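Peer 1: only geometry, no sequence info:
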């Protein structure tokens, strides 16, 4: 039996987060007919240095050959094995609204390694309905019907209900939670939580967009061109008043 806790201790979390990116890139290269891939190419496509790629991949074994790079098929298989492919993980989704249904119906979201064991919601209008062949249940009904513990829980519900739902998932055995709710969870240290908060991602992108715009303005000014302002913007209105 694989010691999952030992695996988490051996490989740093940032590396674990990058491995699926390398796997996806290499899979696409394989589909295009490329049989080997270098750390330089992986780093360029993943947005990290070649040295970082080599260090990350060294944590899962000796997969590369100096001067010839990595065998693409072996690299994909090695990463898949490290990430738990070949094992079956029981998944429960709490929140069967628009987002929950979209995830369930997204091709490739739940692969063969992930068994959708339970769909949980508190809405009487949803309980008893069926999505992707799985009946939506209340949490107590789900607890009574499950014959094995849940491995991974997914939260796709409003922020105010997230903590209670996380506690319920942990009670069903979940040791990992993927949280789409815009809320920070309080969980035992042995429970791993990953956050997917679209509003935070938009904030990050707006920061980069602002930095890019500032850099563009500085570049234009350096060559004697004044950046344009959008009609109706605060800058445009201020310029109109000054004139």
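Peer 2: Happy to help now that I have it. All values reported here derive from a predicted model rather than from experimental measurement. Numbers count the residues shown, from 1 in each chain.
Peer 1: only C-alpha atoms for contact and neighbour calcs from this point on.
Peer 2: Noted.
Peer 1: where does this protein have low pLDDT?
Peer 2: Along the chain, the model assigns pLDDT under 70 to residues 1-9, 62-67, 215-243.
Peer 1: what are the ranges of the helices in it?
Peer 2: 4-10, 13-31, 39-46, 50-58, 72-82, 98-104, 139-145, 162-171, 198-222, 234-242 (DSSP state H).
Peer 1: now the ones you listed as TSV including distance to residue 181?
Peer 2: TSV is the format used below for the helices of the chain (distance: least, C-alpha to C-alpha, whole Å):
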stretch	distance to residue 181
helix 4-10	24
helix 13-31	20
helix 39-46	27
helix 50-58	30
helix 72-82	28
helix 98-104	10
helix 139-145	18
helix 162-171	6
helix 198-222	9
helix 234-242	34
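Peer 1: among those, which comes closest to residue 187?
Peer 2: helix 162-171 (7.7 Å; C-alpha to C-alpha).
Peer 1: distance from that closest one to the middle of the chain?
Peer 2: 20 Å (C-alpha atoms, centre = their mean, to the nearest Å).
Peer 1: now swap in stretch 93-104 and tell me
Peer 2: The answer for stretch 93-104 is 16 Å, by C-alpha atoms, centre = their mean.
Peer 1: go on, stretch 94-109?
Peer 2: 14 Å.
Peer 1: list the buried ones in it?
Peer 2: 94-96, 100, 103-104 (16 or more other C-alpha atoms under 10 Å).
Peer 1: and residue 147, how far is that from residue 172?
Peer 2: In this view, residue 147 and residue 172 are 10 Å apart by C-alpha to C-alpha, to the nearest Å.
Peer 1: compare these two (neighbour count), which wins?
Peer 2: The residue with more neighbours, out of residue 147 and residue 172, is residue 172; 22 against 9, by other C-alpha atoms under 10 Å.
Peer 1: got the contact list for the more buried one?
Peer 2: 143, 149-150 (C-alpha atoms under 8 Å, 6 or more residues apart in numbering).
Peer 1: would you turn these into CSV with distance to residue 199?
Peer 2: Shown next, in CSV, are those (distance: C-alpha to C-alpha, whole Å):
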residue, distance to residue 199
143, 32
149, 32
150, 28
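Peer 1: out of these, which are buried?
Peer 2: Using 16+ other C-alpha under 10 Å as the threshold, 143, 149-150 are the buried ones among those.
Peer 1: which residue is the nearest non-sequential neighbour of the residue nearest the centre of the chain?
Peer 2: For the chain, the residue sitting closest to the mean C-alpha position, by C-alpha atoms, centre = their mean, is residue 196 at 6.3 Å. Residue nearest to residue 196 in three dimensions, not counting chain neighbours: residue 180, with 4.9 Å by C-alpha to C-alpha, 6 or more residues apart in numbering.
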